[in-house]
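Participant: missing the sequence, but the structure's below:
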């Protein structure tokens with residue numbers, strides 16, 4: 001356990017030194033504040049609270065931004081150390097390879113969680129300061145959104161580690177990471193939409209839509225945050241949720257499995273890596 005903490009602290013210190021923590025926090029805070037100020041206009045038309053509008057806006061932003069940030073900080077976690085020659089030095093200490101993976105993972109999750117909590121917390125603080133009336137259900141949805149945003153980041157950090165352990169050059173890892181981001185964030189949903197359009201209004205077989213949704217972590221996140229409460233009225237996800245058997249617990253479990261699976265595979269690949 002001590003080795004995990006030491007490695008995690010090393011990653012956090014490197015993030016501070018490279019300005020990753022500061023840059024991520026300021027970026028998320030700036031975007032959250034912008035959406036908070038500009039996102040209240042529709043509330044009078046649809047009858048939902050201001051925080052619900054912020055939840056929809058930030059959730060949509062998170063789907064694009066958090067996976068990209070997570071891949072950027074994790075794609076060279078192993079291959080980068082290997083190219084710099086510091087990986088052999090790290091492995092010369094009494095630490096196991098699984099401890100290296102999980103220690104780095106804890107450090108990167110801490111960085112991402114701090115930036116998300118601080119950046120998105122600013123938006124809620126601004127709404128409270130302006131005297132906005134916020135119900136308990138909206139607060140609960142907001143906390144779920146922040147927690148699931150960190151969990152979505154964990155998924156893509158784990159995917160980044162898997163890429164980093166399978167390639168031998170940082171450039172290759174970066175290219176694959178961007179390809180994965182494009183595939184899961186953009187291309188997958190465009191393909192799914194094309195399939196639905198091609199079916200000309202015919203219903204998908206029972207359970208098939210749920211399977212297609214859980215095969216993409218960004219869709220799991222979208223369904224978790226945009227299909228209930230006031231957010232569903234703004235996002236249009238209420239209809240999807242009404243025809244889905246996936247509840248909140250199942251969706252959270254899907255994100256956990258999406259994190260554990262690549263992380264375990266990355267650990268196995270790293271254990272077999274020569275250097």
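Facilitator: Received it, and whenever you're ready, just let me know what you need. All values reported here derive from a predicted model rather than from experimental measurement.
Participant: for the stretch 101-250 of the chain, which segments count as strands?
Facilitator: Here the stretch 101-250 of the chain has no strands by DSSP state E, counting those that start in this stretch.
Participant: so where's it shaky on pLDDT?
Facilitator: Across the stretch 101-250 of the chain, the ranges flagged by pLDDT under 70 are 132, 200-201, 203-204, 206, 227-243.
Participant: helices of that one, start to end?
Facilitator: With DSSP state H, counting those that start in this stretch as the criterion, the stretch 101-250 of the chain has helices at 136-166, 170-182, 188-198, 208-214, 217-226, 229-235, 238-242, 248-272.
Participant: point out the most buried one among those.
Facilitator: Ranked by mean neighbour count under mean count of other Cβ atoms under 10 Å, the helices of the stretch 101-250 of the chain are led by helix 217-226, which reaches a mean of 24. (C-beta placed from N, C-alpha, C; glycine too.)
Participant: which residues does that one contact?
Facilitator: 55-56, 59, 62-63, 67, 141, 144-145, 148-149, 151-152, 155-156, 184-185, 188-189, 212-214, 231-232, 235, 237, 240-241, 244, 246, 248, 251-252, 254-255, 258 (Cβ atoms under 8 Å, 6 or more residues apart in numbering).
Participant: over to the nearest residue to residue 96 once chain neighbours are set aside: give its phi and psi.
Facilitator: Using Cβ to Cβ, 6 or more residues apart in numbering and skipping residues adjacent in sequence, the residue nearest residue 96 is residue 3, 7.8 Å away. Backbone torsions of residue 3, given as degrees, to the nearest 10, read phi -60, psi -40.
Participant: since we're on residue 3, how many residues are nearby?
Facilitator: 15 (other Cβ atoms under 10 Å).
Participant: roughly how far apart are it and residue 53?
Facilitator: Distance check for residue 3 against residue 53: by Cβ to Cβ, to the nearest Å, it reads 45 Å.
Participant: got a list of what residue 33 touches?
Facilitator: 122-123, 126.
Participant: now the residues you listed in JSON lines, with neighbour count and distance to residue 76?
Facilitator: Output for the contacts of residue 33, formatted as JSON lines (neighbours: other Cβ atoms under 10 Å; distance: Cβ to Cβ, whole Å):
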{"residue": "122", "neighbour count": "17", "distance to residue 76": "29"}
{"residue": "123", "neighbour count": "25", "distance to residue 76": "31"}
{"residue": "126", "neighbour count": "15", "distance to residue 76": "35"}
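Participant: returning to what we had before: now distance to residue 87 too, for the helices of the stretch 101-250 of the chain, in CSV please.
Facilitator: Below are the helices of the stretch 101-250 of the chain laid out as CSV (distance: least, Cβ to Cβ, whole Å):
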stretch, distance to residue 87
helix 136-166, 11
helix 170-182, 12
helix 188-198, 33
helix 208-214, 35
helix 217-226, 28
helix 229-235, 44
helix 238-242, 44
helix 248-272, 10
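Participant: for those helices, which one sits closest to residue 102?
Facilitator: helix 248-272 (7.6 Å; Cβ to Cβ).
Participant: which elements pack onto that closest one?
Facilitator: Counting contacts by 3 or more Cβ pairs under 8 Å, 6 or more residues apart in numbering; DSSP states H and E, helix 248-272 is packed against helix 97-129, helix 136-166, helix 217-226.
Participant: one more pass at 10 Å, please.
Facilitator: In terms of contacts (3 or more Cβ pairs under 10 Å, 6 or more residues apart in numbering; DSSP states H and E), helix 248-272 is packed against helix 97-129, helix 136-166, helix 208-214, helix 217-226.
Participant: now the angle from the longest one to helix 136-166?
Facilitator: Following axes from the mean of the first three to the mean of the last three Cα atoms, to 10 degrees, one obtains 150 degrees for the angle between helix 97-129 and helix 136-166.
Participant: tell me the helices and strands packed up against helix 97-129.
Facilitator: Packed next to helix 97-129, using 3+ Cβ pairs under 10 Å, 6+ apart, are helix 2-17, helix 20-38, helix 50-74, helix 86-91, helix 136-166, helix 248-272.
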